[in-house]
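**Student:** Here you go, sequence then predicted model.
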Amino acid sequence: MQPPLLKDLLPAQATQVEKFRRIFLDILCAKKYQLIDPCALDDLERYGATLGVQFVNQSFLVPDPFSGKTLLLRADATPQVARIDAELSNNQIIPRRFCYATSVYVTKPQHPLQQRNQVQVGAELFGVEGEKGDVEVITLLYQLLRKSNCNQIHLIIGDVRFFQNIVSKINSENRNEKLLQELLVLVRLKSHTDLNLFSNHYKLTAATQKLLHLLLDAHGDAQSSLTFKTIEHLAMQLELQQTARSVKSICQYIKKNLPHITCIIDLGELHGYHYKSGLVFTAYTTLNNNELARGGRYDGLYRFHDKPRSAVGFSLMIDALCNLSGRAS
């Protein structure tokens, strides 16, 4: 009997997955993204301290009888690609572009209907800072989705710096890992009532409660002036005005240059919070409630010459695209 939420690819789907894989890698390689293939098993010691408890909990852990160490079965290829960039750099601070097609395995799915093993294609850009790098990878993701006949793409844009800033204030009041995990769930649910109960339980200050309620309201259509008014108000409280301007600028770029995308802003979009450092985004379509791709910025996962290495990228779930293609047909 197959383990729960782990699946085989049978002939028809395996053929479709391979078709998309070849198309996407050809596009990425033509854009000068170099193909790599990280090993599915890696040393836990390389990542545990850097990425934290959440990353380790998502990963299957395997005892290695050869080395005596604990290995992890890849739950996310991005940290591995960042490690490869660091190992190849020889401390040279130059841009690098990598792409990959691989399988990932998580102990618990992000969504109830999601499988625990997925086939992904990804692209990671190193050494290009700020909006220039952000719009490059978003445009690249758009081109891959359009190549797979996705006509109506919903892209949720967020930035983890707002949440991180508030958490830093909470940590000065009450350092508690359980508090952080509960708060992440509350922000996703956007329940003001539950937030009030949470705030009372952990005795958060009135100022912190106000910031959290603003964060819950900071979502909506990117074309809505009301959405940006809420974000700008929160940004002013947190001294993140430049971050808010950057989010707005990226949304304007998308509107002008990527016509099949409906852009939605949500500062509660916090996937990969344990290592992301700025912009985050998730792609859906109108035909499928499951996400098709996710990505974002993770500056500083590695450092060169004691400076954080700028990095941004995305991963695209090929098997989710195959399911979408099957529905459309």
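**Tutor:** Perfect, I can see it now. What you see is a predicted model, and the numbers here were worked out from it, not measured in a lab. Numbers count the residues shown, from 1 in each chain.
**Student:** can we go C-alpha only for contacts and neighbour counts from here?
**Tutor:** Fine.
**Student:** how about Lys255, what does it touch?
**Tutor:** For Lys255, the contact set (C-alpha atoms under 8 Å, 6 or more residues apart in numbering) comprises 261-263.
**Student:** A helix includes it, no?
**Tutor:** Yes: when DSSP: H, G, I helix; E, B strand; the rest coil is applied, Lys255 is found to be in a helix.
**Student:** Can you show me the strands along the stretch 201-329 of the chain?
**Tutor:** 219-221, 261-266, 279-285, 288-297, 303-304, 307-308, 311-317 (DSSP state E, counting those that start in this stretch).
**Student:** Which strands or helices does the first one pack on?
**Tutor:** The one in question is strand 219-221. Identification of packing neighbours for strand 219-221 by 3 or more C-alpha pairs under 8 Å, 6 or more residues apart in numbering; DSSP states H and E yields helix 225-238, strand 261-266.
**Student:** between those, which one is nearest to Val17?
**Tutor:** strand 261-266 (23.7 Å; C-alpha to C-alpha).
**Student:** isn't Leu212 right up against Ile166?
**Tutor:** Yes: in this structure Leu212 lies within contact range of Ile166 using C-alpha atoms under 8 Å: 7.4 Å.
**Student:** hmm, back to that, deepest in the core, which of the helices and strands packed on strand 219-221 is it.
**Tutor:** strand 261-266 (a mean of 22; mean count of other C-alpha atoms under 10 Å).
**Student:** pull the CA atoms of that strand into CSV?
**Tutor:** Output of strand 261-266 as CSV, limited to C-alpha atoms (Å, rounded to 0.1, in the frame of the first residue of the first chain):
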residue,chain,number,x,y,z
ILE,A,261,-1.3,38.3,-14.4
THR,A,262,-3.8,39.6,-11.9
CYS,A,263,-1.6,40.9,-9.1
ILE,A,264,-2.8,40.6,-5.4
ILE,A,265,-0.9,42.0,-2.5
ASP,A,266,-0.9,40.1,0.8
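**Student:** who touches that strand?
**Tutor:** Residues from elsewhere that reach strand 261-266 (C-alpha under 8 Å, 6+ apart): 152-158, 218-223, 227, 251, 254-255.
**Student:** could you redo the last one with a cut-off of 6 Å?
**Tutor:** Here strand 261-266 makes contact (C-alpha atoms under 6 Å, 6 or more residues apart in numbering) with 153-158, 219-222.
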